[in-house]
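1. model this:
(one chain, ligands or ions: 1)
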Amino acid sequence: MIKHDVKNLKLAAAGKKKILWAAKQMDVLNEIKKDFKKKKPFKGVRIAGCLHVTSETANLARTLKEGGATFYLCASNPLSTQDEVAASLVKDFGISVFAINGENKTTYYKHLNQVLDFKPHITVDDGADLVSLLHTKRKNLIKNIWGGCEETTTGVIRLRALADEGKLLYPVVAVNDAQTKHFFDNRYGTGQSTLDGIIRATNILIAGKTVVTVGYGWCGRGFALKAKGMGARVIVTEVEPVKALEAKMDGFEVMPMIEAAKQGDIFCTLTGDIHVIRKEHFSKMKDGAIVCNSGHFDIEIDLVALKKMSKSVKEVRPFVEAYTLKNNRIINVLAGGRLVNLASAEGHPASVMDMSFANQSMASLFIVKNYKKLEKKVYDVTQDTDDKIAKLKLKAMDVKIDKLTKEQVKYLSSWEIGT
Ligand code: ADE
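-> Numbers count the residues shown, from 1 in each chain. Here you go, the predicted model:
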């Protein structure tokens, strides 16, 4: 048996069903997998993934393996691992997984280190934890590394900060920034799966509630849109003027958090920043308010402050902790302030992860083909790759589009014809 650390291999049969179910929605990835199977572009290549261990990620792992890679996987969040999927990856698909749902910080990092022990050529991160570990405690391994790929906004921000300081030690592709990733995954994936997480945790009705969307990036836009679609009154809070204006013109109420705090029934943070809900906001909230986070790290809600303001904390349902304040009001925190869409639901649906992981596959291929000439910087996914993935997705959805005529091509490339 290959090396692994998962909860229980007996869960594998349930995991395999989930993986195969997800695969049926991942047409673009399946096309890429067929091509990889023929060409074996990753023969002899070791790839380390630090990703949410879900049925969708399992299909990325299968795709890279079909292309000849040896793939090693650990979790990018201690609460998002689907233990049955981890078991099936090991038992049915021969992929080394080191991830257990609910693992503590020590085990989380032990698992990252175990994956790095295999001396990968490529890292595939969701939040830049492998890059960060390699740039600090495991620097000696960097000599083996050809390049990396990054899945999420927060990770890309960390990488660009590292590159700006001139400290990035190997090339990384910002998969998040591909159009076929963030236009769809961040907006429609986060929008739907975050509501799914809130509903599975609480079973509350969204219609008629006031939902406060904290941050109007791609994730916030998607969440606000879906909450509105379910009949909520939606308030948006922002710090960037252009985004605030966009939210206003998209039809949402925009106000400072200190005002929104008094009005909201449900609060969801999607900013990537620290303590966007804090003491002064908790003290204004209604009794029974629900607070959760769908940003990458559990830093957006100041839970230390909330705890200090509370006389007691108790779990009232799985994934729901009721904090009773000294004024006797209750604030309900979901999933301990961690990613609610992956902790109490299953993350984004497979058909949207299809495009994200098609991008990861193409970015890995880009590294294998080009690593000898790449610089130590953050690379964008090429427009050609975005177009290829969009075309394959449209084909899978049986959507046809128009082509430019010769006359139109000529018109678009000329400047003479005006009024
Ligand atoms: N990020 C968000 N949703 C995900 C999923 N279903 N699988 C892997 N990563 C994700």
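2. Quick check: residues of this protein near the ligand?
-> Leu51, His52, Thr54, Glu56, Thr57, Gly189, Leu342, Gly347, His348, Met353 (C-beta under 6 Å from any ligand atom). Just so you know, the C-beta spots here come from the backbone N, C-alpha and C atoms, and that holds for glycine as well.
3. which residues does the first one contact?
-> Leu51 is in contact with Thr57, Leu60, Leu73, Ala75, Ser76, Val124, Asp125, Asp126, Glu151, counting by C-beta atoms under 8 Å, 6 or more residues apart in numbering.
4. out of those, which are buried?
-> Among these, those classed as buried by 16 or more other C-beta atoms under 10 Å are Thr57, Leu60, Leu73, Ala75, Ser76, Val124, Asp125, Asp126, Glu151.
5. can I assume the fifth one is in contact with Thr54?
-> The reference is to Ser76. No - between Ser76 and Thr54 there is no contact under C-beta atoms under 8 Å: 10.5 Å.
6. hang on, the earlier thing: need the max-distance pair from the buried ones among the contacts of Leu51.
-> Spatially, the most separated pair among the buried ones among the contacts of Leu51 is Leu60 and Ala75, at 14.0 Å (C-beta to C-beta).
7. Pipe the residues of the chain next to the ligand into JSON lines and attach secondary structure per row.
-> Shown next, in JSON lines, are the residues of the chain next to the ligand (DSSP: H, G, I helix; E, B strand; the rest coil):
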{"residue": "Leu51", "secondary structure": "strand"}
{"residue": "His52", "secondary structure": "coil"}
{"residue": "Thr54", "secondary structure": "coil"}
{"residue": "Glu56", "secondary structure": "helix"}
{"residue": "Thr57", "secondary structure": "helix"}
{"residue": "Gly189", "secondary structure": "helix"}
{"residue": "Leu342", "secondary structure": "helix"}
{"residue": "Gly347", "secondary structure": "coil"}
{"residue": "His348", "secondary structure": "coil"}
{"residue": "Met353", "secondary structure": "helix"}
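8. Just the endpoints, please. Distance across stretch 412-419?
-> Its start and end residues considered, stretch 412-419 measures 15 Å (C-alpha to C-alpha, to the nearest Å).
9. contacts for that stretch?
-> So stretch 412-419 is contacted by Leu404, Tyr411 (C-beta under 8 Å, 6+ apart).
10. One more: stretch 325-337?
-> Outside of stretch 325-337, the residues within contact range by C-beta under 8 Å, 6+ apart are 79, 197-198, 201-202, 282-283, 285-293, 298, 300-301, 303, 306, 309-311, 316, 319-324, 340, 343-344.
11. Which of those are buried? Put it as a ChimeraX command.
-> To isolate in ChimeraX the members of the contacts of stretch 325-337 that are buried, counting by 16+ other C-beta under 10 Å, one can use:
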select :79,197,198,201,202,282,283,285,289,290,291,292,293,298,300,301,303,306,309,310,319,320,321,322,323,324,340,343,344
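12. Among the contacts of stretch 325-337, which lie within strands?
-> 289-293, 310-311, 316, 320-324 (DSSP state E).
13. who's in contact with Asp92?
-> Shown in contact with Asp92 (C-beta under 8 Å, 6+ apart): Ala12, Gly15, Lys16, Ile19.
14. typed the wrong thing, it's Asp5
-> Asp5 neighbours (C-beta under 8 Å, 6+ apart): Val97, Phe98, Ala99, Ile100, His111, Gln114.
15. Kindly recompute the last result at 7 Å.
-> Counting by C-beta atoms under 7 Å, 6 or more residues apart in numbering, Asp5 touches Phe98, Ile100, His111, Gln114.
16. Can you say which of the residues you listed are buried?
-> Neighbour-count burial (16+ other C-beta under 10 Å) applied to these gives Phe98, Ile100, His111, Gln114.
17. was I right about Met285 contacting Ala261?
-> Yes - counting by C-beta atoms under 7 Å, Met285 sits close enough to Ala261 to count as a contact (5.4 Å).
18. if we can go back for a sec, take the contacts of Leu51 and keep only those in strands.
-> Among the contacts of Leu51, DSSP E puts Leu73, Ala75, Val124, Asp125 in strands.
19. Roughly how far does the second one sit from Asp298?
-> Right, the one you point to is Ala75. 14 Å (C-beta to C-beta, to the nearest Å).
20. wait, what's in contact with the residue of the stretch 201-350 of the chain found nearest the ligand?
-> Taking C-beta to the nearest ligand atom as the measure, the stretch 201-350 of the chain has Gly347 as its residue closest to the ligand, at 2.8 Å. Shown in contact with Gly347 (C-beta under 7 Å, 6+ apart): His52, Thr54, Ser80, Ser193, Asn341.
21. Phi, psi for it please.
-> phi 80, psi -170 (degrees, to the nearest 10).
22. At which residues are the strands of the stretch 51-200 of the chain located?
-> With DSSP state E, counting those that start in this stretch as the criterion, the stretch 51-200 of the chain has strands at 70-75, 96-98, 122-125, 147-150, 172-174.
23. any chance of these in JSON lines, with mean pLDDT too?
-> Formatted as JSON lines, the strands of the stretch 51-200 of the chain follow (pLDDT from 0 to 100):
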{"stretch": "strand 70-75", "mean pLDDT": "98"}
{"stretch": "strand 96-98", "mean pLDDT": "98"}
{"stretch": "strand 122-125", "mean pLDDT": "98"}
{"stretch": "strand 147-150", "mean pLDDT": "98"}
{"stretch": "strand 172-174", "mean pLDDT": "98"}
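24. Turn the ones you listed into JSON lines, including distance to Trp218.
-> What follows is the strands of the stretch 51-200 of the chain, written out as JSON lines (distance: least, C-beta to C-beta, whole Å):
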{"stretch": "strand 70-75", "distance to Trp218": "23"}
{"stretch": "strand 96-98", "distance to Trp218": "29"}
{"stretch": "strand 122-125", "distance to Trp218": "19"}
{"stretch": "strand 147-150", "distance to Trp218": "15"}
{"stretch": "strand 172-174", "distance to Trp218": "14"}
